[in-house]
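Peer 1: got a predicted structure here, sequence first:
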Amino acid sequence: MNYELDYFEQLLSTITLNTEIKAEEVDMESEMTGELRRIRQRLDTFVPGQDTTLKAYIHYNLCCFERFKAKTNILKGHLPTPTNKETLGKLGLAMDELIDHVYFYFPNEFNPQTIATEAHIQNYRDQYGTKETEFLEWLEANNIDPQLTLIMQKIFLNEPTQRSTFFEIAFRQTLLNQLQPLLNAADLGPLIAMLLISLKYNDQELYAYLLENLHQRQLKAISSAEQFRDLILFKKAITQLMELQEKEYFSHNPNIKTMLLRAIDAEISFLKEVDFLNSELVHSGILDSTYKVGLSVRQLAFLIFLNVECGVITERKAKTVHQYIIAHVSTKEAEHISEKSFSNGYYVHHPEDIRKVSEFLAKMLAMAQKLY
């Protein structure tokens, strides 16, 4: 493959020597226009051979254009001559013109990891700049999880020294388009996270965020059955998620969907092992399956009612409290408490049960006063 930028390299060498290019000596505008036309024709008429495919040829030239433009940007900061700085700017724009030509006419062979040209970036800003700003403002105004907000800001807000690639800009366009129908959802956070997974945004921070959310849900579950249910439902949702992108966002990171499924399987295996260990300990008599109390079901329900009303138990959802108690406590009359019988005792208080619980509380108070 031939190097097509010899003319531009000669201009760059002249500038590097800090020799000012005089307009009366060199018709640079005309020469540059002619060279750009020649290079475009070479690109458009290339015939693939046995040794070189069209894609390899296009990628090679894109790499040349990109490296040459990088050299012009470096030299801009080291040259005192205004005329030479202006010339460097023109050389950079010439490379942009060639890159845009390849992007437009060779979409299948184009390398999306190429740094985006000024014209392409401006086109994105014109079409999506307002949407992007409005979405970021909407995130902050609607109390979305701070960690998820930071992840979204990382996608849209580049560092000043970082230039976006064509791939990154296309990703933002797709993301903004996919987000629009979701903005009126009641709980947007999980929907944004699932959308990022479907777009193959395999960022380590997103992976850590999803695992932490899963861990918090597991901690809040009142039984292993509820933990299993949450894991199975999450695995089902991830498995059925359609992937909307062909390539991963970060080529060096593994597929986030695959990693999440592995993490869920690991959690399920861990719960199975713990559940097996607990059952073995229960069957061997080393560990009781539930805590047994010397109260009836109705008396226990009334005692728990008092704990909730007096603030000893801070959970205010009665159903959550009921499910936890019947899963972990047995009484002198029932090894397994039904939720219905516990709820009846929780809301309907019989005088005999109130008297019995009061006696227990009186004993506890007397002991506390004695120890004070």
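Peer 2: Alright, I've got the coordinates.
Peer 1: show me the shaky parts of the stretch 1-150 of the chain.
Peer 2: Low-confidence segments of the stretch 1-150 of the chain, defined by pLDDT under 70, span residues 18-26, 79-80.
Peer 1: just give me the neighbour total for the closest residue to residue 301 other than its chain neighbours.
Peer 2: Spatial nearest neighbour of residue 301, excluding adjacent residues (Cβ to Cβ, 6 or more residues apart in numbering): residue 345 at 3.0 Å. Bear in mind the C-beta positions are built from the backbone N, C-alpha and C, glycine included. By the measure other Cβ atoms under 10 Å, the count of residues near residue 345 is 23.
Peer 1: ranges for the strands of the stretch 251-372 of the chain?
Peer 2: Assigned by DSSP state E, counting those that start in this stretch, the stretch 251-372 of the chain shows strands spanning 291-293, 329-331.
Peer 1: could I get those as TSV with distance to residue 129, mean pLDDT and mean neighbour count?
Peer 2: Formatted as TSV, the strands of the stretch 251-372 of the chain follow (distance: least, Cβ to Cβ, whole Å; pLDDT from 0 to 100; neighbours: other Cβ atoms under 10 Å):
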stretch	distance to residue 129	mean pLDDT	mean neighbour count
strand 291-293	61	77	12
strand 329-331	59	82	19
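Peer 1: what are the ranges of the helices in the stretch 201-350 of the chain?
Peer 2: Taking DSSP state H, counting those that start in this stretch as the criterion, the stretch 201-350 of the chain carries its helices at 204-220, 224-239, 256-283, 297-309, 318-328, 339-347.
Peer 1: which strands or helices does the fourth one pack on?
Peer 2: Yep, that's helix 297-309 we're talking about. Applying 3 or more Cβ pairs under 8 Å, 6 or more residues apart in numbering; DSSP states H and E, one finds that helix 297-309 makes contact with helix 318-328, strand 329-331, helix 339-347, helix 351-371.
Peer 1: convert the C-alpha atoms of that helix to PDB, please.
Peer 2: The C-alpha trace of helix 297-309 is given here as PDB (Å, rounded to 0.1, in the frame of the first residue of the first chain):
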ATOM      1  CA  VAL A 297     -49.500 -17.200  68.100                       C
ATOM      2  CA  ARG A 298     -52.000 -14.500  69.100                       C
ATOM      3  CA  GLN A 299     -49.800 -13.400  72.100                       C
ATOM      4  CA  LEU A 300     -46.700 -13.300  69.900                       C
ATOM      5  CA  ALA A 301     -48.600 -11.200  67.300                       C
ATOM      6  CA  PHE A 302     -49.700  -8.700  70.000                       C
ATOM      7  CA  LEU A 303     -46.200  -8.500  71.400                       C
ATOM      8  CA  ILE A 304     -44.800  -7.800  67.900                       C
ATOM      9  CA  PHE A 305     -47.600  -5.200  67.400                       C
ATOM     10  CA  LEU A 306     -46.400  -3.400  70.600                       C
ATOM     11  CA  ASN A 307     -42.800  -3.500  69.400                       C
ATOM     12  CA  VAL A 308     -43.800  -1.900  66.100                       C
ATOM     13  CA  GLU A 309     -46.000   0.800  67.600                       C
END
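Peer 1: could you give the angle of that helix to helix 318-328?
Peer 2: In terms of direction (axes from the mean of the first three to the mean of the last three Cα atoms, to 10 degrees), helix 297-309 departs from helix 318-328 by 130 degrees.
Peer 1: for helix 297-309, which outside residues touch it?
Peer 2: Helix 297-309 has contacts (Cβ atoms under 8 Å, 6 or more residues apart in numbering) with 293, 295, 312-313, 315-316, 318, 321, 325, 329, 331, 333-334, 337, 341-346, 349-350, 353-354, 356-357, 360-361.
Peer 1: repeat that for the first one.
Peer 2: Judged by Cβ under 8 Å, 6+ apart, the contacts made with helix 204-220 from elsewhere in the structure are 145, 147-148, 150-151, 154, 193, 196-197, 227, 230-231, 234, 253, 256, 259-260, 263-264, 267.
Peer 1: just the last one next, same as before
Peer 2: Contacts with helix 339-347, where a contact means Cβ under 8 Å, 6+ apart, come from 297-302, 304-305, 318, 322-323, 325-326, 334, 353.
Peer 1: next, give me the two most distant ones among those.
Peer 2: 323 and 353 (21.2 Å; Cβ to Cβ).
Peer 1: between these two, which is the more surrounded one?
Peer 2: With neighbours defined as other Cβ under 10 Å, residue 323 and residue 353 compare such that residue 353 has more, 20 against 16.
Peer 1: pull up the gap between that one and residue 330, please.
Peer 2: Computed as Cβ to Cβ, to the nearest Å, the residue 353 to residue 330 distance reads 17 Å.
Peer 1: and what of residue 53?
Peer 2: From residue 53 to residue 330 the distance is 73 Å (Cβ to Cβ).
Peer 1: what about residue 268, how many residues nearby?
Peer 2: 15.
Peer 1: report the contact partners of it.
Peer 2: By Cβ under 8 Å, 6+ apart, the residues touching residue 268 are 228, 231, 232, 235.
Peer 1: residues near the residue lying closest to the first one once chain neighbours are set aside, how many?
Peer 2: By that I understand residue 228. Among residues not flanking residue 228 along the chain, residue 271 sits closest, at 6.1 Å (Cβ to Cβ, 6+ apart). When neighbours are defined as other Cβ under 10 Å, residue 271 has 16 of them.
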